[in-house]
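Trainee: Return a 3D structure for these sequence lines:
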Amino acid sequence: MQVLAPLLMSPFDTNTIYFGSQYLFRSRDRGDTWEKLTGDMSSNDKKQIGEIPYQDIISISESPKKKGLIYTGTDDGRLYMSLDEGKEWNELTASLSSKKEWIGTVLASRYDERTVYVSQQGRYDEAVERLDLAYPKVDADAKKELKAARAELDAEKK
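Mentor: Reported below is the predicted structural model:
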């Protein structure tokens, strides 16, 4: 796997660019200046680094339906969401039904602001799933709501 640092242009403002490393950065002036939006989004587990250093953001997606709804995925399997242009972040990793070694792609739906598609990859397998967030807000009950949404999707599959 070759990891490249992702760049994303906001669908709402062509001057706004996001850049991922272990942190998420944003420029509102096409890259002339940058602000750090997050702390380290990786697990920062030195035992996982191995021969190939990793633990970076490898996928960024801003919802084309709702400005400021941003998702990130890391190459150590973490998934995050912000509803307020990156001011506050909520980890969604626990809401994923399968746990793989890394998040390959995060893609906010262009049809429904409460839906995000996530591909996960392991050394020998892949999984793609759709998370339908019951509510477009994340608060203290977020994990409960996300687990309920996951259970509803699983019931639909049967």
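
Trainee: Now do the strands in the chain.
Mentor: Using DSSP state E, the strands of the chain run over 7-9, 17-20, 24-27, 35-36, 57-62, 70-74, 79-82, 90-91, 102-108, 115-121, 126-132.

Trainee: and of those, who's closest to N44?
Mentor: Relative to N44, the nearest member of the strands of the chain by CB to CB is strand 70-74, separated by 10.3 Å. Every C-beta, even on glycine, is put in place using the N, C-alpha and C of the backbone.

Trainee: Pull the residues that contact that closest one.
Mentor: Residues from elsewhere that reach strand 70-74, judged by CB atoms under 8 Å, 6 or more residues apart in numbering: 18, 20, 24, 38, 41-43, 55-63, 79-82, 85-86, 102-106, 108, 116, 118.

Trainee: In its sheet, which strands sit next to that strand, and in what direction?
Mentor: Strand 70-74 pairs in its sheet with strand 57-62 (antiparallel), strand 79-82 (antiparallel), by DSSP bridges.

Trainee: Could you tell me the angle between it and strand 102-108?
Mentor: Here strand 70-74 runs at an angle of 170 degrees relative to strand 102-108 (axes from the mean of the first three to the mean of the last three CA atoms, to 10 degrees).

Trainee: export strand 70-74 as CSV, just CAs?
Mentor: Only the C-alpha atoms of strand 70-74 are listed here, as CSV (Å, rounded to 0.1, in the frame of the first residue of the first chain):
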residue,chain,number,x,y,z
ILE,A,70,-16.3,16.8,7.2
TYR,A,71,-15.1,13.2,7.5
THR,A,72,-11.6,11.7,7.8
GLY,A,73,-10.3,8.2,7.7
THR,A,74,-6.8,7.1,8.9
